[in-house]
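Participant: this one's sequence-less:
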């Protein structure tokens, strides 16, 4: 088990510098590790997690107890809590990553030049990845496994609220590395709750850190994006919209709306705003809202919606820009797909948006005119997940436009280099 580092200040600076150096030393052997070795490590990690279920649950119980005493929110506690099903899901996710195609060495493109040169663009590991996350201890397993598959050493800095859980999971990952003969420093967990550790990562750990991926609340992601001196893959908010078009089938609209909001309210793909076409307000609005209320959801409605559905609270301007991560949804009537697009482009965080519709032209307009990382048709926003995309687990959803966008999975954790083959050519 990880030994907690109790000191702070200069000790934390020295600790983080050492972690960075060890991660950099692990980069080359990991980059050239065979697919078989990486997969063997992943399978061994999954087996260790299953075998260590009780140790992980015991560690998580400490974190949950501390969280309850600290008064953490219900959504935060939902992300923190582990149970046997979630632990086995972690192990299954690692096995799925082992079964994915190894992206390292893939030839992305190849072409010949008139002078006879053959040029190839080839996938390579990104380098040392830093992942800074908050309450989700499962990120320890997901991030460690994904970075390993892509040939990247990773430095994991979990939240103080989940440190015991993360440490128990990390111990299983180290067992897998040992079993496959890979460097144990390929996956490191920062062993301190000192916030200065985050600051050192944002500085780049003396040039040993190549990219940072934050996964957590707005304050964490905002700090990372503001202060980081290395590239960042991130999304700031998950303000996801569900639009019910006039052509939507009512039963489908009800089913998708309840799932998009209530399946798990604390995930970044949960719908936070429901937009309903004014043309079907008389037929679709109340049945959808009745189903949401029956599922335990609090409705914040605009003035028009309140007239039709009194069991709601008046929406304010703040509701349209709030990521609730709770059983709350904001509801508004709009003038068709054009009105939905206007609202989404005004208030969206460009994470995930969905349309329920049978009209192909409405769907095409929605897909063409909205600039979000993930768009769905007749499906729940809760499918905004790398596992559901067939990419294995993902570290998070990136909403930027450089390099990675959408689920950050194995391929997104690679860069590329050019290999140029000649036969004696010189440049005139």
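Facilitator: In hand now; what should we look at? All values derive from a computational prediction rather than experimental measurement. Numbering: from 1, shown residues only.

Participant: assumed residue 329 was part of a helix.
Facilitator: No: counting by DSSP: H, G, I helix; E, B strand; the rest coil, residue 329 is located in no helix; its state is strand.

Participant: how near is it to residue 317?
Facilitator: When distances are taken as C-beta to C-beta, to the nearest Å, residue 329 and residue 317 turn out to be 16 Å apart. All C-beta spots, glycine's among them, are computed from the backbone N, C-alpha and C.

Participant: helix/strand/coil for the closest residue to residue 351 other than its chain neighbours?
Facilitator: Leaving out its chain neighbours, the residue that sits closest to residue 351 by C-beta to C-beta, 6 or more residues apart in numbering is residue 238, at 4.6 Å. Applying three-state DSSP to residue 238 yields a three-state assignment of coil.

Participant: element containing residue 368?
Facilitator: helix 360-369 (DSSP states H and E).

Participant: one more: residue 179?
Facilitator: Assignment of secondary structure by DSSP H and E places residue 179 within helix 163-180.

Participant: below-threshold pLDDT in the stretch 101-250 of the chain: ranges please.
Facilitator: Judged by pLDDT under 70, the stretch 101-250 of the chain has its weakly predicted residues at 234-236.

Participant: before we move on, the earlier item: the helix holding residue 179 - contacts with which helices or strands?
Facilitator: Secondary-structure packing of helix 163-180 (3 or more C-beta pairs under 8 Å, 6 or more residues apart in numbering; DSSP states H and E): helix 35-51, helix 53-70, helix 138-149, strand 187-189.

Participant: now the third one against helix 163-180, angle please.
Facilitator: By that I understand helix 138-149. Angle, helix 138-149 to helix 163-180, by axes from the mean of the first three to the mean of the last three C-alpha atoms, to 10 degrees: 30 degrees.

Participant: helix 138-149: what's the following helix or strand?
Facilitator: Counting by DSSP H and E, the next helix or strand C-terminal to helix 138-149 is strand 154-157.

Participant: touching that following strand from outside, list them.
Facilitator: Residues lying outside strand 154-157 but in contact with it, judged by C-beta atoms under 8 Å, 6 or more residues apart in numbering, are 19-20, 23, 128-133, 139-140, 143-144, 147-148, 166, 170, 186-190, 197-198, 201, 205, 209.

Participant: strand partners (parallel or antiparallel) of that strand?
Facilitator: strand 129-133 (parallel), strand 187-189 (parallel) (DSSP bridges).

Participant: figure out which of those is closest to residue 225.
Facilitator: With C-beta to C-beta as the criterion, residue 225 lies closest to strand 129-133 of the strands paired with strand 154-157, at 11.4 Å.

Participant: and for that closest one, what's in contact with it?
Facilitator: With C-beta under 8 Å, 6+ apart as the contact definition, strand 129-133 has outside contacts at 139, 143, 147, 152-159, 198, 201, 205, 209-216, 220, 224, 230, 395, 413.

Participant: over to stretch 168-179?
Facilitator: By C-beta under 8 Å, 6+ apart, the surrounding residues in contact with stretch 168-179 are 1-2, 40-49, 51-52, 55-56, 58-60, 90, 137-138, 140-141, 144-145, 148, 156, 183-184, 186-187, 189.

Participant: same thing with stretch 306-317?
Facilitator: By C-beta under 8 Å, 6+ apart, the list of residues contacting stretch 306-317 from outside reads 281, 285-286, 289, 293, 298-303, 305, 330-332.

Participant: what's the span of it, first residue to last?
Facilitator: Separation of the first and last residues of stretch 306-317 by C-alpha to C-alpha, to the nearest Å is 15 Å.

Participant: same question for stretch 210-228.
Facilitator: By C-alpha to C-alpha, one end of stretch 210-228 lies 11 Å from the other end.

Participant: what's the domain layout of this protein?
Facilitator: Per the record's domain assignment (automatic domain parsing), the chain is made up of the domains 10-233+408-420, 240-383.

Participant: how far out from the middle of the chain is the last one?
Facilitator: Average the C-alpha atoms of domain 240-383, do the same for its chain, and the two points are 22 Å apart (C-alpha atoms, centre = their mean, to the nearest Å).

Participant: when residue 329 and residue 317 are compared, which one has more neighbours?
Facilitator: residue 329 (27 against 8; other C-beta atoms under 10 Å).

Participant: how close does that one sit to residue 207?
Facilitator: In this view, residue 329 and residue 207 are 45 Å apart by C-beta to C-beta.

Participant: same question for residue 398.
Facilitator: Taken as C-beta to C-beta, the span from residue 398 to residue 207 is 23 Å.

Participant: for residue 288, same thing?
Facilitator: With C-beta to C-beta as the criterion, residue 288 and residue 207 are 53 Å apart.

Participant: check residue 252 too.
Facilitator: As judged by C-beta to C-beta, residue 252 and residue 207 stand 53 Å apart.

Participant: which one of the two has more residues nearby?
Facilitator: A direct count of neighbours by other C-beta under 10 Å for residue 252 and residue 207 places residue 252 higher, at 15 against 12.

Participant: just to confirm, which helix or strand has the more buried one in it?
Facilitator: Taking DSSP H and E as the definition, one finds residue 252 inside helix 250-262.

Participant: how about residue 389?
Facilitator: Since the elements are taken from DSSP H and E, residue 389 ends up inside neither a helix nor a strand.

Participant: surely it touches residue 409?
Facilitator: Yes: counting by C-beta atoms under 8 Å, residue 409 is a contact partner of residue 389 at 7.5 Å.
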